[in-house]
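>>> Need a 3D model of the following:
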Amino acid sequence: MKKVLVTGAFGQLGTELRLLTEGRSDFVFTDIRSDEQVRGLDICDRKAVDRMIVEENVGVIINCAAYTNVNAAETDTALCQLINATGPGVLARAALRHNAAIIHISTEYVFDGRKSTGYRETDRRHPLSAYGRSKRDGEDAVRNSGCRGLVIRTSWLYSPFGNNFVKTMLRLGAERPEVGVVCDQVGSPTYARDLAEAILSILPRIGERHGEIYHFTNDGVCSWAEFAATIMREAGLPCQVKPITTAEYPTPAVRPAHSTMSKAKIVRAFGIRLKPWEESLKDCLKRL
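Next up, the predicted model:
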């Protein structure tokens, strides 16, 4: 029986995939560190990747491994590039050698955010940050490998696990009477559980796709400030959200100002239902 190899198993998406496939013997979970459920694997180590694919009889790789500290990437560029660009290339070329397929996760940061309507999969990429450039290069490495599979771009990922905007707002909301949040960056939040479910529904239907790109987020659009205010309200926190501009909150990495993406292609191809982001946020808060 062919198995599914998941990298980045301790991350938000990898954790949700582990929970959704609990008890199944056809999934193998890996990360750079290991425990009793997750095996150690360096995705940049060609020999180790080949060995894992052969030993476990892998038919599909889901690459959730990523360097995601956007600000730190501006100075830690080499490591970011290694994990986000070199690693996906190693996985994709291994998949080609062993007749496996790959689902690679990318990001809206490959765009510059200057388009006022939702980005399509075919729109020109122009990343503004080291993180965005590394993810663009990772997409290219997968697509240029010639292996079967696809790339899924997502945005504003959150879950009950790891570090993310929702958990940060809940912490600040419990500590402060007011918090300033950027109001001139607009996008679509994505609940990692919903993305994991979408990936699992796509798995049996990869077929002969070679490097096709799809966008997936929850339905709807908001600013970071609107997202934060909704988190406070749904969590019953009295903390007030003060809208501020990007100029008032400078960061080492430049973020795309308008990062919404069209999801028409993935809905049309796989019949996936996109849940409103407000609905998914409520579900996440119940789990926290």
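
>>> Regarding I231, what is its secondary structure?
At I231 the chain is in helix, as set by DSSP: H, G, I helix; E, B strand; the rest coil.

>>> Repeat that for V90.
Secondary structure assignment for V90 (three-state DSSP): helix.

>>> Stretch 37-51 - what's its average pLDDT?
Stretch 37-51 shows an average pLDDT of 98 in the prediction.

>>> switch to numbering from 16
With 16 as the first residue, the last one maps to stretch 52-66.

>>> what does that stretch rub up against?
22, 24-25, 33, 43-49, 67, 78, 80, 97-98, 101-103, 105-106, 108-109, 112-113 (CB atoms under 8 Å, 6 or more residues apart in numbering). (Each C-beta comes from the backbone N, C-alpha and C, glycine too.)

>>> out of those residues, which are inside strands?
In strands, judged by DSSP state E, the following of the contacts of stretch 52-66 are found: 22, 43-46, 78.

>>> Neighbour-wise, give me the winner out of these.
Tallying neighbours with other CB atoms under 10 Å puts T22 at the head of those, with 28 neighbours.

>>> which residue lies farthest from the center of this protein?
The C-alpha centroid of the chain is most remote from P192, which lies 31.3 Å away (CA atoms, centre = their mean).

>>> How many residues are close by the closest residue in space to it that isn't next to it in sequence?
Spatial nearest neighbour of P192, chain neighbours left out: C254 (6.2 Å); criterion: CB to CB, 6 or more residues apart in numbering. Neighbourhood size, C254 [other CB under 10 Å]: 21.

>>> For C254, list the residues it contacts.
Applying CB under 8 Å, 6+ apart, we find C254 in contact with 187-189, 191-194, 247.

>>> From these, which land in helices?
Counted as lying in helices by DSSP state H, out of these, are 187-189, 247.

>>> Would you check how far apart D234 and L111 are?
With distances taken as CB to CB, to the nearest Å, D234 is found 35 Å from L111.

>>> Repeat that for V21.
In terms of CB to CB, V21 sits 19 Å off from L111.

>>> who has more neighbours, these two?
Taking neighbours as other CB under 10 Å, V21 and L111 compare with V21 leading, 27 against 17.

>>> Can you tell me the closest non-neighbouring residue to Y124?
Counting by CB to CB, 6+ apart, Y124 lies nearest to G147, which is 3.7 Å off, once chain neighbours are set aside.

>>> Quick check, the one you found in contact with T122.
Yes - between G147 and T122 there is a contact at 7.2 Å, judged by CB atoms under 8 Å.

>>> picking that back up, could the ones in helices among the contacts of C254 go into JSON lines alongside neighbour count?
Formatted as JSON lines, the ones in helices among the contacts of C254 follow (neighbours: other CB atoms under 10 Å):
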{"residue": "L187", "neighbour count": "19"}
{"residue": "G188", "neighbour count": "21"}
{"residue": "A189", "neighbour count": "11"}
{"residue": "M247", "neighbour count": "19"}
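
>>> possible to save the residues you listed as JSON lines with distance to N86 and pLDDT?
Listed next are the ones in helices among the contacts of C254 as JSON lines, based on distance: CB to CB, whole Å; pLDDT from 0 to 100:
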{"residue": "L187", "distance to N86": "17", "pLDDT": "98"}
{"residue": "G188", "distance to N86": "22", "pLDDT": "98"}
{"residue": "A189", "distance to N86": "24", "pLDDT": "97"}
{"residue": "M247", "distance to N86": "24", "pLDDT": "98"}
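
>>> out of those, who's nearest T266?
L187 (16.4 Å; CB to CB).

>>> so who does the closest one touch?
When contacts are counted by CB under 8 Å, 6+ apart, L187 touches 194, 254.

>>> Distance check, it against V196.
9 Å.

>>> Same question for G222.
42 Å.
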